[in-house]
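[1] sequence plus predicted model, see below.
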Amino acid sequence: MSRQRNCYNLHVTVFDRDVSEIARRTAGAFRLGHRVQWYPHVTVLSHFRLRPGVPEERLLQSIAERARPFAFLPLTIDGFFLLANHRDGNYAIAHRVIPSGDFTAFWHPLAEDLFHYRLFPPGAPIARAENTTDIYPEKKSLHITIARYLCRDEADALWQAMQNHPRIQPLARTVDVLRLTLGRNMRIHAEYDLPRRTWLFGEEIFSRLEWAKTADAYEEQRTPPGFVPDRDGC
(Lines give C-alpha, C1' and ligand atoms only; values in the text may rest on other atoms or scores of the structure.)
Protein backbone atom coordinates (compact mmCIF):
# COMPACT_ATOMS: atom_id res chain seq x y z
CA MET A 1 0.00 0.00 0.00
CA SER A 2 1.42 3.39 -1.02
CA ARG A 3 1.88 6.01 1.66
CA GLN A 4 -0.56 8.93 1.49
CA ARG A 5 1.17 12.11 0.39
CA ASN A 6 1.29 15.04 2.79
CA CYS A 7 -1.65 17.44 2.70
CA TYR A 8 -0.77 21.14 2.88
CA ASN A 9 -2.53 24.44 3.40
CA LEU A 10 -1.36 28.04 3.47
CA HIS A 11 -2.93 30.54 5.84
CA VAL A 12 -2.21 33.70 7.81
CA THR A 13 -2.94 34.17 11.49
CA VAL A 14 -4.78 37.37 12.42
CA PHE A 15 -3.43 38.88 15.64
CA ASP A 16 -6.21 41.31 16.48
CA ARG A 17 -7.68 41.58 19.95
CA ASP A 18 -11.14 42.62 18.73
CA VAL A 19 -11.37 39.65 16.34
CA SER A 20 -10.66 37.30 19.24
CA GLU A 21 -13.09 39.17 21.48
CA ILE A 22 -15.92 38.81 18.95
CA ALA A 23 -15.34 35.05 18.90
CA ARG A 24 -15.49 34.96 22.71
CA ARG A 25 -18.65 37.07 22.89
CA THR A 26 -20.37 35.04 20.16
CA ALA A 27 -19.61 31.80 22.00
CA GLY A 28 -20.98 33.20 25.25
CA ALA A 29 -24.05 34.98 23.92
CA PHE A 30 -25.29 32.15 21.68
CA ARG A 31 -23.89 29.03 23.39
CA LEU A 32 -21.79 28.08 20.37
CA GLY A 33 -18.51 27.23 22.07
CA HIS A 34 -17.80 24.06 20.10
CA ARG A 35 -18.60 25.71 16.77
CA VAL A 36 -16.72 28.96 17.24
CA GLN A 37 -13.36 29.26 15.47
CA TRP A 38 -10.91 30.07 18.25
CA TYR A 39 -7.87 30.33 15.97
CA PRO A 40 -8.48 33.49 13.89
CA HIS A 41 -6.90 33.02 10.49
CA VAL A 42 -7.40 33.57 6.78
CA THR A 43 -7.02 30.49 4.60
CA VAL A 44 -5.14 31.45 1.45
CA LEU A 45 -4.82 27.96 -0.06
CA SER A 46 -6.76 25.09 1.45
CA HIS A 47 -6.01 21.38 1.08
CA PHE A 48 -3.50 20.53 -1.63
CA ARG A 49 -0.90 17.82 -2.22
CA LEU A 50 2.37 17.87 -4.13
CA ARG A 51 2.49 15.86 -7.32
CA PRO A 52 4.55 12.65 -7.29
CA GLY A 53 8.26 13.30 -7.38
CA VAL A 54 8.00 16.96 -6.31
CA PRO A 55 10.05 17.60 -3.13
CA GLU A 56 8.76 19.83 -0.37
CA GLU A 57 11.72 22.14 -0.95
CA ARG A 58 10.18 23.09 -4.29
CA LEU A 59 7.01 24.22 -2.53
CA LEU A 60 8.97 26.27 0.01
CA GLN A 61 10.94 27.85 -2.81
CA SER A 62 7.79 28.75 -4.76
CA ILE A 63 6.19 30.46 -1.77
CA ALA A 64 9.39 32.34 -0.90
CA GLU A 65 9.91 33.55 -4.46
CA ARG A 66 6.42 35.01 -4.69
CA ALA A 67 6.59 36.52 -1.19
CA ARG A 68 10.08 38.01 -1.48
CA PRO A 69 9.03 41.40 -2.94
CA PHE A 70 6.83 42.12 0.10
CA ALA A 71 7.89 43.03 3.64
CA PHE A 72 4.25 42.77 4.76
CA LEU A 73 0.89 42.08 3.14
CA PRO A 74 -2.13 44.22 4.11
CA LEU A 75 -5.63 42.77 4.47
CA THR A 76 -8.80 44.72 5.25
CA ILE A 77 -11.46 43.35 7.60
CA ASP A 78 -14.81 44.68 6.37
CA GLY A 79 -17.86 43.59 8.35
CA PHE A 80 -19.65 40.25 8.72
CA PHE A 81 -21.03 37.98 6.03
CA LEU A 82 -22.87 34.67 5.72
CA LEU A 83 -20.88 31.96 4.00
CA ALA A 84 -22.28 28.78 2.44
CA ASN A 85 -20.23 25.60 2.11
CA HIS A 86 -22.09 23.93 -0.73
CA ARG A 87 -19.89 20.83 -0.70
CA ASP A 88 -20.66 19.99 2.93
CA GLY A 89 -24.09 21.59 3.07
CA ASN A 90 -23.37 23.78 6.08
CA TYR A 91 -22.97 27.49 6.75
CA ALA A 92 -20.65 29.84 8.59
CA ILE A 93 -20.63 33.44 9.73
CA ALA A 94 -17.33 35.23 9.20
CA HIS A 95 -15.50 38.51 8.97
CA ARG A 96 -15.24 39.53 5.32
CA VAL A 97 -11.59 40.04 4.29
CA ILE A 98 -10.56 42.14 1.29
CA PRO A 99 -7.04 41.52 -0.04
CA SER A 100 -4.83 44.47 -0.86
CA GLY A 101 -3.20 44.83 -4.24
CA ASP A 102 0.06 43.51 -2.77
CA PHE A 103 -1.69 40.51 -1.23
CA THR A 104 -3.31 39.65 -4.55
CA ALA A 105 0.02 40.13 -6.34
CA PHE A 106 1.48 37.44 -4.06
CA TRP A 107 -1.51 35.10 -3.86
CA HIS A 108 -2.74 34.79 -7.46
CA PRO A 109 0.67 34.15 -9.09
CA LEU A 110 1.46 31.59 -6.38
CA ALA A 111 -1.74 29.68 -7.18
CA GLU A 112 -0.74 29.74 -10.84
CA ASP A 113 2.75 28.44 -10.01
CA LEU A 114 1.36 25.57 -7.94
CA PHE A 115 -1.70 24.45 -9.89
CA HIS A 116 -1.48 25.56 -13.55
CA TYR A 117 0.35 24.43 -16.65
CA ARG A 118 2.43 27.24 -18.16
CA LEU A 119 3.86 27.75 -21.62
CA PHE A 120 6.22 30.64 -20.77
CA PRO A 121 8.37 29.36 -19.20
CA PRO A 122 7.24 25.81 -19.90
CA GLY A 123 6.32 23.90 -16.80
CA ALA A 124 3.86 21.53 -15.20
CA PRO A 125 2.02 22.31 -11.96
CA ILE A 126 3.74 21.03 -8.85
CA ALA A 127 0.60 20.40 -6.77
CA ARG A 128 -3.03 19.27 -6.97
CA ALA A 129 -5.71 21.29 -5.19
CA GLU A 130 -8.91 19.82 -3.78
CA ASN A 131 -10.92 23.02 -4.18
CA THR A 132 -11.62 24.93 -7.40
CA THR A 133 -11.27 28.26 -5.59
CA ASP A 134 -7.61 27.46 -4.90
CA ILE A 135 -6.95 26.86 -8.59
CA TYR A 136 -8.88 30.02 -9.54
CA PRO A 137 -8.38 32.36 -6.56
CA GLU A 138 -10.39 35.18 -8.15
CA LYS A 139 -13.45 33.08 -7.22
CA LYS A 140 -12.48 32.81 -3.56
CA SER A 141 -13.94 34.95 -0.77
CA LEU A 142 -11.30 35.46 1.88
CA HIS A 143 -12.66 35.47 5.41
CA ILE A 144 -12.01 34.89 9.12
CA THR A 145 -14.52 32.37 10.42
CA ILE A 146 -16.46 33.26 13.57
CA ALA A 147 -18.95 30.36 13.81
CA ARG A 148 -19.13 27.30 11.55
CA TYR A 149 -20.89 23.97 10.96
CA LEU A 150 -24.29 25.66 11.14
CA CYS A 151 -27.43 24.45 9.40
CA ARG A 152 -29.30 27.07 7.36
CA ASP A 153 -31.86 27.85 10.08
CA GLU A 154 -29.13 28.24 12.71
CA ALA A 155 -27.09 30.46 10.42
CA ASP A 156 -30.07 32.70 9.60
CA ALA A 157 -31.04 33.01 13.26
CA LEU A 158 -27.49 33.81 14.35
CA TRP A 159 -27.06 36.31 11.52
CA GLN A 160 -30.18 38.20 12.55
CA ALA A 161 -29.24 38.16 16.23
CA MET A 162 -25.75 39.48 15.53
CA GLN A 163 -27.10 42.44 13.56
CA ASN A 164 -28.73 43.81 16.71
CA HIS A 165 -26.31 42.69 19.41
CA PRO A 166 -24.81 45.72 21.20
CA ARG A 167 -21.50 43.98 22.02
CA ILE A 168 -20.89 42.19 18.71
CA GLN A 169 -20.22 44.90 16.16
CA PRO A 170 -18.68 44.45 12.70
CA LEU A 171 -15.08 45.55 12.32
CA ALA A 172 -13.57 47.79 9.66
CA ARG A 173 -9.79 47.95 9.73
CA THR A 174 -6.63 47.02 7.88
CA VAL A 175 -4.08 44.62 9.35
CA ASP A 176 -0.58 43.88 8.07
CA VAL A 177 0.34 40.22 7.67
CA LEU A 178 3.94 39.55 8.74
CA ARG A 179 4.10 35.77 8.36
CA LEU A 180 2.71 33.08 6.06
CA THR A 181 1.92 29.79 7.79
CA LEU A 182 2.34 26.50 5.94
CA GLY A 183 0.27 23.71 7.45
CA ARG A 184 1.09 20.06 6.85
CA ASN A 185 -1.36 17.32 7.79
CA MET A 186 -3.41 19.75 9.91
CA ARG A 187 -0.43 21.00 11.93
CA ILE A 188 1.71 24.13 11.64
CA HIS A 189 4.80 23.02 9.75
CA ALA A 190 6.69 26.19 8.83
CA GLU A 191 6.28 29.97 8.64
CA TYR A 192 7.68 32.38 6.10
CA ASP A 193 8.79 35.60 7.79
CA LEU A 194 7.96 38.37 5.33
CA PRO A 195 10.04 41.24 6.78
CA ARG A 196 13.13 39.01 7.18
CA ARG A 197 12.49 36.94 4.04
CA THR A 198 13.29 33.62 5.66
CA TRP A 199 11.61 30.36 6.64
CA LEU A 200 11.16 29.45 10.29
CA PHE A 201 10.69 25.90 11.59
CA GLY A 202 9.99 24.14 14.87
CA GLU A 203 10.45 26.19 18.02
CA GLU A 204 11.51 29.24 15.98
CA ILE A 205 7.87 29.70 14.92
CA PHE A 206 6.68 30.31 18.47
CA SER A 207 9.80 31.96 19.89
CA ARG A 208 9.23 35.40 21.42
CA LEU A 209 12.76 36.34 20.42
CA GLU A 210 12.05 35.48 16.77
CA TRP A 211 8.78 37.42 16.89
CA ALA A 212 10.68 40.43 18.26
CA LYS A 213 13.06 40.18 15.31
CA THR A 214 10.10 39.98 12.94
CA ALA A 215 8.54 43.08 14.51
CA ASP A 216 11.82 45.04 14.38
CA ALA A 217 12.35 44.20 10.71
CA TYR A 218 8.74 45.18 9.95
CA GLU A 219 9.09 48.56 11.65
CA GLU A 220 12.31 49.28 9.77
CA GLN A 221 10.75 48.54 6.38
CA ARG A 222 7.37 50.12 7.06
CA THR A 223 8.98 53.51 7.69
CA PRO A 224 9.38 55.46 4.41
CA PRO A 225 13.00 56.04 3.33
CA GLY A 226 14.32 59.36 4.59
CA PHE A 227 11.49 59.76 7.13
CA VAL A 228 12.48 61.84 10.17
CA PRO A 229 10.00 61.82 13.10
CA ASP A 230 8.80 65.20 14.33
CA ARG A 231 10.14 65.61 17.86
CA ASP A 232 8.84 69.14 18.46
CA GLY A 233 7.45 69.43 21.91
CA CYS A 234 9.25 66.34 23.21
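    Ah, there it is. Residues are numbered from 1 along each chain as shown.
[2] sheet-wise, list the partners of the top strand by length along the chain with their directions.
    In terms of residue count, the longest strand belonging to the chain (DSSP state E) is strand 73-85. Next to strand 73-85 in the sheet, as set by DSSP bridges, lie strand 90-99 (antiparallel), strand 172-177 (antiparallel).
[3] turn those into TSV, including distance to D78 and mean pLDDT.
    For the C-beta atoms, the positions are set from N, CA and C on the backbone; glycine is no exception. Listed next are those as TSV, based on distance: least, Cβ to Cβ, whole Å; pLDDT from 0 to 100:
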stretch	distance to D78	mean pLDDT
strand 90-99	5	96
strand 172-177	6	97
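[4] out of these, which is the most enclosed?
    Most buried of the strands paired with strand 73-85, by mean neighbour count (mean count of other Cβ atoms under 10 Å): strand 90-99, with a mean of 20.
[5] the following helix or strand past that one - contacts with which helices or strands?
    Of the helices and strands lying after strand 90-99 in sequence (DSSP states H and E), the nearest is helix 101-115. For helix 101-115, the packing partners by 3 or more Cβ pairs under 8 Å, 6 or more residues apart in numbering; DSSP states H and E come out as strand 41-50, helix 56-67, strand 73-85, strand 127-129, helix 132-135.
[6] pLDDT weak spots in the protein?
    Residue ranges of the chain with pLDDT under 70: 1-3, 86, 119-122, 224-234.
[7] still on that earlier bit, wait, which of the strands paired with strand 73-85 is closest to A147?
    Minimum separation from A147 across these (Cβ to Cβ) falls at strand 90-99, 5.0 Å.
[8] centre of the chain versus the closest one, how much separation?
    Centre-to-centre, strand 90-99 and its host chain are 12 Å apart (Cα atoms, centre = their mean, to the nearest Å).
[9] returning to what we had before: switch the helices and strands packed on helix 101-115 over to CSV; also include mean neighbour count.
    Formatted as CSV, these follow (neighbours: other Cβ atoms under 10 Å):
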stretch, mean neighbour count
strand 41-50, 20
helix 56-67, 16
strand 73-85, 17
strand 127-129, 19
helix 132-135, 17
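[10] figure out which of the ones you listed is closest to T223.
    strand 73-85 (15.6 Å).
[11] which residues does the closest one contact?
    Strand 73-85 has contacts (Cβ atoms under 8 Å, 6 or more residues apart in numbering) with 12, 14, 16, 19, 42, 91-100, 102-103, 106, 141-146, 155-156, 159, 162, 170-177, 194.
[12] one more time with 7 Å, if that's ok
    With contacts defined as Cβ atoms under 7 Å, 6 or more residues apart in numbering, strand 73-85 is touched by 42, 91-100, 102-103, 106, 141, 143, 155, 159, 162, 170-177, 194.
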